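[1] Quick one: sequence and predicted model below, then my questions.
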Amino acid sequence: MSERRKHLEFLRKTAREAVWAGDYERALTLSDDGLSLARAWKDGDWEDLFTCNRATVLIEMDRKDFDLAQIKEILLRSCSSRNGVRAAYIAATAHESRGEYGRARFYAQAALQKSRELGLDEHTGTSLNLLANLELHESRFESARDLFQEALERYEAQGESLSRQAAVASDNLGYCHIALDRLDLGVPLVLRSLTVLESLAVRQAMDYPSLDLCFAHLKTNRLEEAQDWGTRALALGDEFGRQDVVKNSHYLLAEAYSEMGRESDAEEHYEALASGYPNFPALKHYLRQISLIGMINLRA
Amino acid sequence: MSSTSHSPRRVQLVGSRIRELRKGHRLTQTELSEKIGVAQSDLSRMEQGEYKVGLDTLFKILQVFDLKMGEFFGETATVPTPRLEETRELVTEFEALSEEARREARDFVRFKKLQEEKASSPAPPEEDEEEKP
């Protein structure tokens, strides 16, 4: 590997570690640096790679200020390469973030097919995860469960059962089981995910497992545990600016407190939740009277 | 400060109730699905209890129907409606009064009841107002 490529590889790895550590600003700066250098050195492959990685970071930051058409160009130009798989995957996640689930599924299937053809195990696993997430969003819990199961088995076969991706797949698989009322199967998987994430110090990925455990304990009326996990999820959601986690945490905590008869604590969370919907002043009133637990999908 | 009394179980929002409300509001699946931002096929699955959604969509459903509580709970309601909550508060306040104040409050309620009964009973028809054949 040339010195230039070694330098670009260093930037890529450091940016990826920054993403895993939740330091998105740093990841974005590193990706920008890599992109500028690859352009200056006229290294097309690495320019494509950093274009993809930069978009990934922006998606993680809930930002949409990147050129999706440019990502699709990379897919067309390099459809049988690692960058093509990356581009298909990013196009899928971009469409997913825009709520365009049909298109997202199309690109996720393309990413999965290409990664299988090229024998890119890591990408196959992430594509399986993405497709499974799309199924989960559409409440196809059985189908999502099977895809997550396959993704997890792949990680284990590769000796990566203690990786961040395997931990996320384990949590998602656990959530599918919980949603299908198989808490006996789901809760251990989520707990395992948390143990791995904790050992990797990936705190920003511990929000959904905490939320899932809150939900599971709420379903079985273990309200103290639900309160404990909901409080953790809320703290993580606040810390990492995840609005979806914050909203769901407020709702689940309010439900738990309400079931415990701690009305003023429940009220605090209903109030926090309703403050996000100023055009619906009656919301808090409805929430006090109507339980949405049977209709809720934490991944939708 | 936390209360120690358990709240009565609240009504669960379920797919079949959404279907009833939609029909009660004379909305087609297509119309409701457009209002809440889901595909019609997903709304159909939602009404059958197969499709679950996020909080935003659930809140949109409540907002579209803009329910009166009684309408949502129907005839089988066992949960506190706002009226019942008000009654419960009144009872608590009444119990906190002195014996004399309670007597005065009872007298006042009797007086208001008589006043309302008098206002709602129809006045006897006067002869010159009757229609002549």
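    The structure has been received and is ready for your questions. Residues are numbered from 1 along each chain as shown, chains lettered A, B, ... in the order given.

[2] count of residues packed around residue B:11?
    When neighbours are defined as other Cβ atoms under 10 Å in any protein chain shown, residue B:11 has 18 of them. All C-beta spots, glycine's among them, are computed from the backbone N, C-alpha and C.

[3] ok, now residue B:121?
    8.

[4] Mean pLDDT per helix and strand in chain B: which one sits at the bottom?
    Within chain B, no helix or strand scores below helix B:69-73, which has a mean of 65 by mean pLDDT, DSSP states H and E.

[5] Could you report the separation of residue A:226 from chain B?
    To chain B, residue A:226 is 15 Å away according to Cβ to the nearest Cβ, to the nearest Å.

[6] again with residue A:279
    Residue A:279 sits 8 Å away from chain B, taking Cβ to the nearest Cβ as the criterion.

[7] Now do the helix or strand containing residue A:91: everything it contacts.
    Assigned by DSSP states H and E, residue A:91 belongs to helix A:82-97. The contact list for helix A:82-97, computed with Cβ atoms under 8 Å, 6 or more residues apart in numbering or on different chains, reads A:45, A:48-49, A:52-53, A:55-56, A:59, A:62, A:64, A:66, A:68, A:71-72, A:74-75, A:77-78, A:101, A:103-108, A:110-111, A:114-115, A:118, A:120, A:123, A:126-127, A:130, A:133-134, A:137.

[8] Same question for stretch A:220-229.
    Under the criterion Cβ under 8 Å, 6+ apart, residues A:183, A:210-211, A:213-215, A:217-218, A:252-253, A:256-257, A:259-260 lie in contact with stretch A:220-229.

[9] Domain map for the chain?
    Unless you meant another one, I'm taking chain A. A:135-198, A:206-300 (automatic domain parsing).

[10] that answer is for a different chain, and I need it for chain B
    Domain assignment of chain B by automatic domain parsing yields the ranges B:15-76, B:82-121.

[11] Among those, show the one with the smallest mean pLDDT.
    Lowest mean pLDDT of the domains of chain B: domain B:82-121, a mean of 80.

[12] which residue ranges form the strands in the chain?
    If you meant another chain, say so; for now it's chain A. Applying DSSP state E to chain A gives strands spanning A:290-291.

[13] try again with chain B
    Here chain B has its strands, by DSSP E, at B:11-12.

[14] quick one: low-confidence parts of chain A?
    In the predicted model, chain A carries no residue with pLDDT under 70.

[15] Would you mind listing what in it touches chain B?
    By the rule Cβ under 8 Å from any Cβ of the partner chain, the part of chain A lying against chain B is A:138-139, A:179, A:244, A:247-248, A:251, A:258-266, A:273, A:277, A:280, A:282-283, A:285-286, A:288-298, A:300.

[16] circling back: any chance of JSON lines for the domains of chain A, columns mean neighbour count and distance to residue B:54?
    Shown next, in JSON lines, are the domains of chain A (neighbours: other Cβ atoms under 10 Å in any protein chain shown; distance: least, Cβ to Cβ, whole Å):
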{"stretch": "domain A:135-198", "mean neighbour count": "20", "distance to residue B:54": "9"}
{"stretch": "domain A:206-300", "mean neighbour count": "20", "distance to residue B:54": "4"}
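
[17] would JSON lines of those with distance to residue B:16 be doable?
    Shown next, in JSON lines, are the domains of chain A (distance: least, Cβ to Cβ, whole Å):
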{"stretch": "domain A:135-198", "distance to residue B:16": "16"}
{"stretch": "domain A:206-300", "distance to residue B:16": "11"}
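
[18] Of the ones you listed, which is nearest residue A:30?
    domain A:135-198 (18.2 Å; Cβ to Cβ).
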